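Participant: Here is the input, now give the coordinates:
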Amino acid sequence: MGGYLLAALGAVVLVLALVLVAGASRLRTLSHRVGSFQCSARAGSRPDASWSVGIAQYGVGRIDWWRCWSLAPRPARTWQRDRLAITGRAPLDQAGQPDQYLVRCRYDGVDFELTMSSGAYAGLASWLESAPPGRRDLVL
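Facilitator: Next up, the predicted model:
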């Protein structure tokens with residue numbers, strides 16, 4: 001009986017170790033891709049809404065966003081460039097987060113917020129402004 005309990009406990013520890021290794025590997029792979037940046041997201045503009053920590057990556061005409069604490073092989077969100085607009089931004093220096101911005105966005109009429117570094121914001125604004133002709137209303 002004790003042998004079975006020990007074997008079951010060993011199997012649980014092994015599974016947990018494998019999950020941790022897979023999660024760390026996924027996070028490292030996402031964060032080292034070309035065009036990726038740290039970016040937290042929350043739905044709407046309610047100050048009491050919870051943030052999800054994530055990593056965003058530029059694609060061809062889109063941004064893919066993955067949650068950091070997930071094993072999902074696909075991004076949690078994808079925003080197409082021609083349907084994404086920045087509606088505002090505010091520095092988070094006073095909130096104790098120097099070099100961070102709160103970026104208000106709208107995608108298909110739905111508002112959401114992102115936090116990112118000033119460099120990541122500059123890249124996002126440039127990426128949106130470099131859209132094909134006729135789409136110059138994407139950045140406030």
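
Participant: and Pro73, helix, strand or coil?
Facilitator: Pro73 carries the three-state label coil when classified by DSSP: H, G, I helix; E, B strand; the rest coil.

Participant: Quick check: phi and psi at it.
Facilitator: Torsion angles at Pro73 (phi, psi; degrees, to the nearest 10) stand at phi -80, psi -10.

Participant: how near is the residue positioned nearest the centre of the chain to Arg28?
Facilitator: The residue lying closest to the centre of the chain (C-alpha atoms, centre = their mean) is Gly54, at 3.2 Å. Distance, Gly54 to Arg28, using C-beta to C-beta, to the nearest Å: 15 Å. Placement of C-beta: from N, CA and C, glycine included.

Participant: Okay, and Ser126 sits in which element?
Facilitator: Element membership for Ser126 (DSSP states H and E) is helix 118-129.

Participant: Give the other helices and strands that that helix contacts.
Facilitator: If contacts are counted by 3 or more C-beta pairs under 8 Å, 6 or more residues apart in numbering; DSSP states H and E, helix 118-129 sits against strand 36-38, strand 54-59, strand 84-91, strand 100-107.

Participant: For the first one, which outside residues touch it?
Facilitator: It refers to strand 36-38. 30-31, 53-58, 116-117, 119-120, 123 (C-beta atoms under 8 Å, 6 or more residues apart in numbering).

Participant: again, only using 10 Å
Facilitator: 29-31, 53-58, 63-64, 66, 68, 100, 115-117, 119-121, 123-124 (C-beta atoms under 10 Å, 6 or more residues apart in numbering).
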